[in-house]
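Undergrad: Need coordinates for the below:
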Amino acid sequence: MDPNKRPDDMQRINTPELAQAFIDEQVQAVREQAGDGKVLLALSGGVDSSVVAALLIKAIGKNLICVHVNHGLMRKGESEQVIDVFQNQMDANLVYVDATDRFLNLLDGVDEPEAKRKIIGGEFIRVFEEEARKVGDEVDFLAQGTIYPDILESQDGVKAHHNVGGLPEDLQFELVEPVKLLFKDEVREVGRALGLPEGMVERQPFPGPGLGVRCLGAITRDRLEALREADAIVREEMEAANVGAWQYFAVVPDVRATGVRDGVRAYEWPAIIRAINTVDVMTAEVPELDWALLKRMTDRITHEVPGICRVAYDLTPKPVGTVEWE
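TA: Below you'll find the model as predicted:
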């Protein structure tokens, strides 16, 4: 049986009882796989890796080493929040790595989406290999928050997720992926059963390549910073309006548009607001946002974010679009 294929008779995890049964099964599986070995976890702080962290803490305790890599493509305040939640609140064995310059230098001038994903995924593994050597003890296992839609989209050629199609061929670790056959809603159910805070379980999804797949085309530091600020405004306003969308964020493409700022011609970037509702991430619909909310986000972004003079709202469902633009 293909270990990356969900069995046709696999029951959907949609109750606390089914979630607990899954946890018990995976805790035993991880203990059998890893034994007394050390396990590195690629901890982004998102829902998937957070649930995997909680599972592995339950299974192997301090033999889990959480590595949070700040690749410079995180959302505003993201790394600071990860440190606070996992190191200060959950007492995880956390290693923080600031690799901003390292990643952005490698991505300089790269505009092809799949090439960007592969660079980010490959460099992630290199960072983990370096951190493993620093641990001292031999580390043979790499844990990831891979979920089933990641595998499906990578196999179908839609896009190579950094933790699937972006892995290097000479990977030095054995993978530990306890939630790889689950859809996002099932991962959340497992997180609740593990006792994770609701705010963490319902946290906005964030792709492994981070803002790298939302800063379209070749990434520049000034446009990346504009994207980070615009995205923070979108999330702040959507949360304040209590919009029940499953995911929302900003995208800034590598194009410029003419605008007028303080009576002078401005040649700046547009920002695109993306919001979706979905259950399994395989299909998605676009919510009809309140006009006043859209105007408020537009006003804030164009006045508070240097370099952005226009705002648009993406109305494309999945399919034909994907959730991310790259």
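Undergrad: tell me which element residue 39 falls in.
TA: strand 38-42 (DSSP states H and E).
Undergrad: ok, then the element right after that strand?
TA: Heading C-terminal from strand 38-42 (DSSP H and E), you reach helix 47-60.
Undergrad: Show me what that following helix is packed against.
TA: Applying 3 or more C-beta pairs under 8 Å, 6 or more residues apart in numbering; DSSP states H and E, one finds that helix 47-60 contacts helix 16-34, strand 38-42, strand 64-70, helix 184-193, helix 198-201. Where C-beta positions appear, they are placed from N, C-alpha and C, glycine not excepted.
Undergrad: So what's the gap between that helix and the chain middle?
TA: Chain-centre distance of helix 47-60: 16 Å, with C-alpha atoms, centre = their mean, to the nearest Å.
Undergrad: Hey, what's the angle from that helix to strand 64-70? Just curious.
TA: 160 degrees (axes from the mean of the first three to the mean of the last three C-alpha atoms, to 10 degrees).
Undergrad: JSON lines for the helices and strands packed on helix 47-60, including mean neighbour count, mean pLDDT and distance to residue 236?
TA: JSON lines is the format used below for the helices and strands packed on helix 47-60 (neighbours: other C-beta atoms under 10 Å; pLDDT from 0 to 100; distance: least, C-beta to C-beta, whole Å):
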{"stretch": "helix 16-34", "mean neighbour count": "15", "mean pLDDT": "98", "distance to residue 236": "31"}
{"stretch": "strand 38-42", "mean neighbour count": "23", "mean pLDDT": "89", "distance to residue 236": "27"}
{"stretch": "strand 64-70", "mean neighbour count": "23", "mean pLDDT": "92", "distance to residue 236": "21"}
{"stretch": "helix 184-193", "mean neighbour count": "22", "mean pLDDT": "96", "distance to residue 236": "22"}
{"stretch": "helix 198-201", "mean neighbour count": "14", "mean pLDDT": "84", "distance to residue 236": "15"}
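Undergrad: can you list the residues that contact the strand holding residue 39?
TA: 49, 52-53, 56, 60, 63-67, 69, 124, 128, 131-132, 135, 137-145, 163, 173, 176, 208 (C-beta atoms under 8 Å, 6 or more residues apart in numbering).
Undergrad: Whichever of these end up buried, select them in PyMOL.
TA: Provided next is the PyMOL selection string for whichever of those are buried by 16 or more other C-beta atoms under 10 Å:
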select buried, resi 49+52+53+56+60+63+64+65+66+67+69+124+128+131+132+139+140+141+142+143+144+145+163+173+176+208
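Undergrad: All set, thanks.
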